[in-house]
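[1] Starting from these lines, generate the structure:
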Amino acid sequence: MEGQAGYGVSGCPGDGPYVEIWTTLDGNKISRAAYRTHGCPSSVAASSVLCSVVTGRTVNQAKMLEARDLISIMGGIPEGKERFAAMAVEALAKALEGS
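    Numbering: from 1, shown residues only. From the prediction side, this is the model:
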């Protein structure tokens with residue numbers, strides 16, 4: 001993503017489930033967030049919703065997001081797929097490290 005300010009990954013791209021998150025900041029606000037994941041529908045949904053939710057939020061607001069919050073915002077996630085919400089949140093946290 002052009003002009004990225006942060007990058008975070010959870011999992012290992014090319015070797016199992018993963019989520020990558022890129023962020024761009026405008027001051028202390030996230031002006032853009034993008035993701036790439038391995039294609040599991042639950043992972044795609046969690047990553048997409050996370051990016052939508054954090055765009056326009058301050059870094060501190062985004063850092064407070066937890067996997068259970070994301071699952072609640074999504075209206076639930078199939079049983080056994082909760083780890084994908086956790087992976088999306090972990091990748092975001094890494095993307096925002098130092099911000």
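
[2] contacting residues for the residue most central in space within the chain?
    The residue lying closest to the centre of the chain (C-alpha atoms, centre = their mean) is Ala88, at 3.8 Å. If you count contacts by C-beta atoms under 8 Å, 6 or more residues apart in numbering, Ala88 has them with Ser10, Val19, Ile21, Tyr35, Ser43, Ala46, Ser47, Leu50, Ala67, Leu70. Quick note: C-beta positions are derived from backbone N, CA and C, even for glycine.

[3] Between all of the residues you listed, which two are separated the most?
    Tyr35 and Ala67 (15.0 Å; C-beta to C-beta).

[4] Among the contacts of Ala88, name the ones in strands.
    Within those, residues falling in strands by DSSP state E are Ser10, Val19, Ile21, Tyr35.

[5] Where do the strands of this structure begin and end?
    Using DSSP E, strands in the chain cover 6-11, 18-26, 29-37.

[6] Alpha carbons of the last one, in CSV - could you do that?
    This points to strand 29-37. The C-alpha atoms that make up strand 29-37 are tabulated as CSV, following Å, rounded to 0.1, in the frame of the first residue of the first chain:
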residue,chain,number,x,y,z
LYS,A,29,-5.6,9.0,13.0
ILE,A,30,-5.7,5.9,10.7
SER,A,31,-6.5,7.3,7.3
ARG,A,32,-6.4,3.9,5.6
ALA,A,33,-6.1,0.3,6.5
ALA,A,34,-5.7,-2.7,4.1
TYR,A,35,-5.3,-6.4,4.6
ARG,A,36,-4.2,-9.6,2.9
THR,A,37,-5.0,-13.0,4.2
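
[7] Only the buried residues of it, if you could.
    Buried residues in strand 29-37, counted by 16 or more other C-beta atoms under 10 Å: Ile30, Arg32, Ala33, Tyr35, Arg36, Thr37.

[8] re the thing from before, include distance to Val59 when you put the contacts of Ala88 into JSON lines, please.
    Supplementary listing: the contacts of Ala88 in JSON lines, determined by distance: C-beta to C-beta, whole Å:
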{"residue": "Ser10", "distance to Val59": "18"}
{"residue": "Val19", "distance to Val59": "19"}
{"residue": "Ile21", "distance to Val59": "13"}
{"residue": "Tyr35", "distance to Val59": "17"}
{"residue": "Ser43", "distance to Val59": "24"}
{"residue": "Ala46", "distance to Val59": "20"}
{"residue": "Ser47", "distance to Val59": "19"}
{"residue": "Leu50", "distance to Val59": "14"}
{"residue": "Ala67", "distance to Val59": "18"}
{"residue": "Leu70", "distance to Val59": "17"}
